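[1] What follows is a protein structure lacking sequence information:
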């Protein structure tokens, strides 16, 4: 599995919003240009990403002079998995696990299916185990062990 630039930038954007919202003088909405500048992301590309995040209900946006974006839930309620799935789609390691019901005609005879299901389970457990709050709590980097 390889996470695209869009997925990595979506996660960075969500962390940025969470960081900005906890500042004492935080604005109600964070302007897109500020996020783009802090994160080193082109505004046009970031517009595509926030559009996806907004469409899926992860963030809220307002236009105008005091406009921008903000989280709709507390940082501890966002998992890395849900953020990445917005931009990446399914995070399943193989196509037959992309849907809740495995429709592969070879599933009953597949000797590797259990391996792939377990691998997918580990991926999901790991990504669900990290929230935006975890990134806020350890600003210099997460400790994985």
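    Now that the structure is in, tell me what you want to look at. Here the structure is a predicted model, which means the values were calculated and not measured. Residues are numbered from 1 along each chain as shown.

[2] burial measure for residue 83, as a count.
    Neighbours of residue 83 under the rule other C-beta atoms under 10 Å: 24. Glycine gets a C-beta too; all of them are placed from N, C-alpha and C.

[3] what about it, distance to residue 94?
    22 Å (C-beta to C-beta, to the nearest Å).

[4] which outside residues touch the host helix or strand of residue 18?
    Assigned by DSSP states H and E, residue 18 belongs to helix 5-21. Applying C-beta atoms under 8 Å, 6 or more residues apart in numbering, the contact partners of helix 5-21 are 26-27, 30, 34-35, 38-39, 41, 45-46, 48-50, 52-53, 58-59, 69-71, 75, 78, 80, 83-84, 86-88, 132-133, 135-136.

[5] And these, which of them are buried?
    Buried by 16 or more other C-beta atoms under 10 Å: 30, 35, 41, 46, 49-50, 53, 58-59, 69-71, 75, 78, 80, 83-84, 86-88, 132, 135, out of these.

[6] Just to be sure, which of the residues you listed are found in strands?
    59, 69-71 (DSSP state E).

[7] what's the spatially closest residue to residue 129 that is not a sequence neighbour in contact with, if anything?
    What sits nearest to residue 129 in space, not counting adjacent residues and going by C-beta to C-beta, 6 or more residues apart in numbering, is residue 79, at 7.8 Å. Applying C-beta under 8 Å, 6+ apart to residue 79 gives the contacts 127-131.
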